[in-house]
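[1] Just a sequence and a predicted model for now, questions to come.
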Amino acid sequence: MTLTFEQRHHRNTTAFAYRILLPSLAFVLIFIGYPLVYSIWISFQDFKYGVPTGNVIWFRNFLDILTSSTVAPQFYNSLLVTLKFTVVAVAAVVIISLGIALIINERFRGNDLLKLALLLPYAIPGPVNAVMWNWIYDPTFGVLNGLLYQVGFIKEYFTITGNPDLALWGIAFAYIWKFVPYSTFLFVAGLSTIPQSVYEAAQMDCAGTWRIFRKVTLPLLMPVLQMVLVIQTIFALLMHFGLVFVLTRGGPGNATSTLAWLIYNESFTFTQFGRGAAMAIMLSLIMIVFIYLYLVVLNPEKRSARTQGA
Amino acid sequence: MGFLKLEKITKRFSGSLAVDHLDLEVEEGEFLVLLGPSGCGKTTTLRMIAGLEVQTEGKITLEGKDISDSPPERRDMAMVFQNLALYPHMTVFDNIAFYLQNIRTPKETIEQKVRQAARQVGIEEFLTRYPNQLSGGQRQRVALARALVRCPKVFLLDEPLSSLDAKLRAGMRSELKLLHRNLSQSKERKGTFIYVTHDQVEALTLGTRVAVMNKGNIVQLSTPRDLYNKPRNLFASTFVGSPSMNLIEGSLERENGSAAFIFQGNRIALGEIGVAALKRANRAQMPAILGVRPESVKIASPGMTGALAAQVVTVEPLGQNNLINLQVGDRMLIALVSPDLAIHEGENVNVCFQPQATHLFDPQTEENLLG
């Protein structure tokens, strides 16, 4: 078969593209693809320490998690704790970071310094952050107790991580503190793409500050808001783990036993790898549901009209 | 009198002076063009009128009321921005309706007014589209309709045609002129336009009056015709007109009852104009700059008295005219002549100009010697 020049050219460039992609493709397949498939495979097995592998029980693990009298209550508790945490953390991060972004977007003296200061929480590694907050919350030496006591807010030192009603919110606060900067910068980047003249046009059109925000800023920021929500939801479902591990270990009782903690416990403390994998897959499904909702609810087909300028 | 009045308006941006004690009166229903090079303060002036920029000093009054401190939304002015500044996430309808929605106009009134404004600029069929689905010219019309729908006291236009290509620009220019004519004849509220541009063609074609600006102040404020024919100073004379006015440095001298312009041994008889200029300066002889527009440079038949000997350097056919670069002594002159005239590069010709087509400027003050 003879090929035209164009076909030969196309074939050569495609082959070249694959060759260039090969290393990263191999990486993705070995370190992400294989574990993913393998964990799905594990979730179908009665896979635990001291039991021979390969005992396939199909959906038994999933059924146990949802219905058995031993695991199901724990799972539903974790599900509730996780949802509470996620909703509060995502809402707080989005609202606070959007607020800060709107402030930073205004030109004023010290703006750059503020941006730099904002980066600090995000620059602190997760485990270090967890240890730091553990000290801050400490019921005997903690700076938070000290501060509240000296201001006269409290009469005696109290525990946050040891109180079932407060522990989750203590973790949530530490989490929010660390993750606000990240979304703030996404919002700042988004805001900077809105031309000043559009605000001025809205001002000339007699829209007040609130209406300009509602009718101009927010709609134009929607693609970024959507991205922030997706990222923050994924983060909130997973990245609190370090804080739970250091501050409460799921306690007191199981007040802070989030799904991520439960999965860790199930897999690596009780060595119920099959069941742990099944839970992890359910967590992934929850994540997908969240993301799907964001994309559908916040995304009328006008998106292209929004992102491209006039 | 004085519908909109700017008194001693000054704007300083962290030390640099953008507008310097500018006075301006705009009459109701007129089309005033602020013309000048970039950085002359014309856009800043417009933005101060709009209230988007606060003047450092000075006072702005509209219909006799001091609006110096009023925010943009209280001035009842509409603006068309240089980059149009359409709301990309709104349909054309909502773009035009946004102002009416903001002031809580009843739905039916909005519908009717938006349609009327859209009809005026010919975009009725695009009301449900988004700005990014429109061509440059259509977006331009949306921006215009957004201003029209308000029937504002003043229309402010900041280089509104600069984003269009040359052909479209010419078309929109005529439409704008027509639009203004219709609005200025309306009974209730006459359309008053203030238009900023650096394009002298737009200024001359659109303006009922043109204010030429330079270095933060108005250099000349007159009708387009006067601006072209009676430039008050060197800046106005060279900024307006393309190709720009020929300028020759020399001296003006009285000679037995008449006057002539002398440069490099050449002598150009100026007759009454020269006499008047000398009389006005109260001198018998003075250094001067002679200005003559390219279309007033005539190629004369050889040997004619009062003509200058010149050599043709290049001939540039422009279609309608030929642009001729001439060398007179060590000076270059530009002439615009009919393409029928057979002139060739390297040829020696004679040029002359009508005394009444010449302008005389003082080299020191740069002012027109005839005022």
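    Noted; the coordinates are in hand.

[2] Residue ranges in chain A under the pLDDT threshold?
    Counting by pLDDT under 70, chain A has low-confidence residues at A:1, A:52, A:299-310.

[3] Okay, helices next: where are they in chain B?
    B:42-50, B:92-102, B:107-121, B:136-148, B:166-184, B:200-206, B:224-229, B:234-239, B:271-281 (DSSP state H).

[4] Only C-alpha atoms, please: export the last one in CSV.
    Once non-C-alpha atoms are left out, helix B:271-281 reads as follows in CSV (Å, rounded to 0.1, in the frame of the first residue of the first chain):
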residue,chain,number,x,y,z
GLY,B,271,0.6,89.7,-0.4
GLU,B,272,-2.0,90.9,2.1
ILE,B,273,-1.7,87.9,4.4
GLY,B,274,2.0,88.7,5.0
VAL,B,275,1.3,92.4,5.5
ALA,B,276,-1.5,91.6,8.0
ALA,B,277,0.8,89.2,10.0
LEU,B,278,3.5,91.8,10.2
LYS,B,279,1.1,94.5,11.2
ARG,B,280,-0.3,92.4,13.9
ALA,B,281,3.2,91.7,15.3
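
[5] And it, what's buried?
    Within helix B:271-281, the residues scored as buried using 16 or more other CB atoms under 10 Å in any protein chain shown are B:273-274, B:276-278. Backbone N, C-alpha and C define where each C-beta goes, glycine included.

[6] Identify the residues contacting that helix?
    Defining contact as CB atoms under 8 Å, 6 or more residues apart in numbering or on different chains, one finds that helix B:271-281 is touched by B:252, B:254, B:257-261, B:270, B:284-286, B:288, B:355-356, B:358, B:360, B:362, B:369-371.

[7] One more pass at 6 Å, please.
    Applying CB atoms under 6 Å, 6 or more residues apart in numbering or on different chains, the external contacts of helix B:271-281 come out as B:252, B:254, B:258-259, B:355, B:360, B:369-370.

[8] Which of those fall in strands?
    Mapping the contacts of helix B:271-281 onto strands (DSSP state E) picks out B:252, B:254, B:258-259, B:360.

[9] from those residues, which single one is nearest A:Val244?
    Among these, B:Leu360 lies closest to A:Val244 (CB to CB), at 88.9 Å.

[10] Next one: the closest one from B:Pro231, what distance?
    Computed with CB to CB, to the nearest Å, the distance linking B:Leu360 and B:Pro231 is 11 Å.

[11] need the contact list for the spatially most central residue of chain B.
    Among the residues of chain B, the one closest to the centroid is B:Ala203, at 3.1 Å (CA atoms, centre = their mean). B:Ala203 makes contact with B:33, B:35, B:197, B:210, according to CB under 6 Å, 6+ apart.

[12] Would you mind listing what in the stretch 51-200 of chain B touches chain A?
    Residues of the stretch 51-200 of chain B found near chain A (CB under 6 Å from any CB of the partner chain) are B:52, B:72-73, B:79, B:81, B:83, B:85-86, B:88-89, B:98-99, B:102-103, B:130-132.

[13] Which of those residues are buried, as a ChimeraX select command?
    For the buried members of those, the matching ChimeraX selection, counting by 16+ other CB under 10 Å, is:
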select /B:52,72,73,79,81,83,85,86,88,89,98,99,102,130,131,132
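
[14] From the residues of the stretch 51-200 of chain B next to chain A, which land in strands?
    Per DSSP E, strands hold the following members of those: B:Met79.

[15] does B:Pro355 really touch B:Leu270, like I thought?
    Yes - counting by CB atoms under 6 Å, B:Pro355 touches B:Leu270, with 4.8 Å between them.

[16] Between those two, which has more neighbouring residues?
    B:Leu270 (24 against 18; other CB atoms under 10 Å in any protein chain shown).

[17] Number of residues surrounding the closest residue to B:Arg129 other than its chain neighbours?
    Using CB to CB, 6 or more residues apart in numbering or on different chains and skipping the chain neighbours, the partner closest in space to B:Arg129 is B:Val92 (5.5 Å). B:Val92 has 28 neighbouring residues, counting by other CB under 10 Å.

[18] Just the pLDDT for the residue nearest to the centre of chain B.
    Turning to B:Ala203, the model gives it a pLDDT of 92.

[19] how close does it sit to B:Ala170?
    Per CB to CB, B:Ala203 is found 14 Å from B:Ala170.

[20] Same question for B:Met79.
    23 Å.

[21] next one: B:Phe261
    For B:Phe261, the distance to B:Ala170 (CB to CB) stands at 38 Å.

[22] quick check: longest helix of chain A.
    Max-length helix for chain A by DSSP H is helix A:72-105.

[23] Can you list the buried residues in that helix?
    By neighbour count on 16+ other CB under 10 Å, the buried set for helix A:72-105 is A:74-75, A:77-79, A:81-82, A:85-86, A:88-90, A:92-94, A:96-98, A:100-102, A:104.

[24] what's the following helix or strand after it?
    Where DSSP states H and E defines the elements, the next helix or strand beyond helix A:72-105 is helix A:111-123.
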